[in-house]
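>>> only geometry, no sequence info:
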């Protein structure tokens with residue numbers, strides 16, 4: 001969201017409340033304090049979190065079910081004051097939020113329920129872009145992680161901190177649910193123009209209030225499998241439509257890693 005936290009705080013609080021209603025109040029039990037230490041999310045901890053969201057101009061929130069591993073439930077938020085000197089000259093800086101669910105939640109409740117939850121979480125937020133997807137979830141990258149990324153192209157790889165510094169109003173890619181706001185939706189000709197560019201009957205485009213839309217690729221999110229020839233044609237179709245607006249991570253000093261990242265970012269295009 002290319003807006004400052006002060007404009008977003010009420011929406012972020014509503015989205016977090018909706019997430020807690022869905023997963024239960026005990027799903028998130030810990031948070032990271034300003035010193036980087038994990039603290040228990042008891043009544044006092046929750047009072048602190050809501051106060052931080054209401055009163056701070058910028059903040060980082062990390063809430064999780066467990067401090068000891070990657071966990072199953074997770075809420076992360078990077079809120080910024082975009083007119084502060086730190087961000088005033090950075091058009092890529094955004095406020096960003098993520099909500100995690102374990103695969104068991106999807107299997108138990110089904111994809112229609114998860115899709116409705118994603119819409120409920122997105123509704124209060126004036127997003128420029130967003131998505132819901134299967135994703136790798138780890139504290140430390142396991143051996144062979146690179147090959148897993150290329151084998152399963154439908155799996156997301158996300159470091160929200162980095163995205164919140166650089167994404168701007170661009171799109172991360174094509175996902176099971178891809179949320180489109182402005183300016184990209186307008187440049188695509190709105191919902192009607194977007195529908196006209198997508199031909200598969202298994203792709204649906206739903207209009208949302210506030211000149212926004214969500215694109216759904218099939219019934220279930222898919223990981224794909226390049227070794228088995230499951231190359232996710234719906235994802236490829238959407239990626240081709242979004243290509244002019246796709247995000248490309250900034251280069252680092254590791255040229256080999258940058259080359260792998262470019263290949264992964266273009267996995268549905270090349």
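Yes, it's here. Given the structure is predicted, the values throughout are model-derived calculations rather than measurements.
>>> okay, CA-based contacts and neighbour counts for the rest of this
Fine.
>>> Strands of the stretch 1-150 of the chain, start to end?
According to DSSP state E, counting those that start in this stretch, the stretch 1-150 of the chain carries its strands in the segments 30-32, 38-40, 59-64, 74-79, 96-100, 129-132.
>>> what would these look like in JSON lines with distance to residue 155, mean pLDDT and mean neighbour count?
Shown next, in JSON lines, are those (distance: least, C-alpha to C-alpha, whole Å; pLDDT from 0 to 100; neighbours: other C-alpha atoms under 10 Å):
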{"stretch": "strand 30-32", "distance to residue 155": "26", "mean pLDDT": "97", "mean neighbour count": "22"}
{"stretch": "strand 38-40", "distance to residue 155": "28", "mean pLDDT": "95", "mean neighbour count": "17"}
{"stretch": "strand 59-64", "distance to residue 155": "21", "mean pLDDT": "97", "mean neighbour count": "20"}
{"stretch": "strand 74-79", "distance to residue 155": "17", "mean pLDDT": "97", "mean neighbour count": "21"}
{"stretch": "strand 96-100", "distance to residue 155": "14", "mean pLDDT": "98", "mean neighbour count": "20"}
{"stretch": "strand 129-132", "distance to residue 155": "11", "mean pLDDT": "98", "mean neighbour count": "23"}
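>>> Make TSV from these and add distance to residue 196 to it.
Converted to TSV, the strands of the stretch 1-150 of the chain look like this (distance: least, C-alpha to C-alpha, whole Å):
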stretch	distance to residue 196
strand 30-32	45
strand 38-40	49
strand 59-64	40
strand 74-79	35
strand 96-100	30
strand 129-132	20
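>>> so which of those strands gets nearest residue 181?
Residue 181 sits nearest to strand 129-132 of all the strands of the stretch 1-150 of the chain, at 5.6 Å, using C-alpha to C-alpha.
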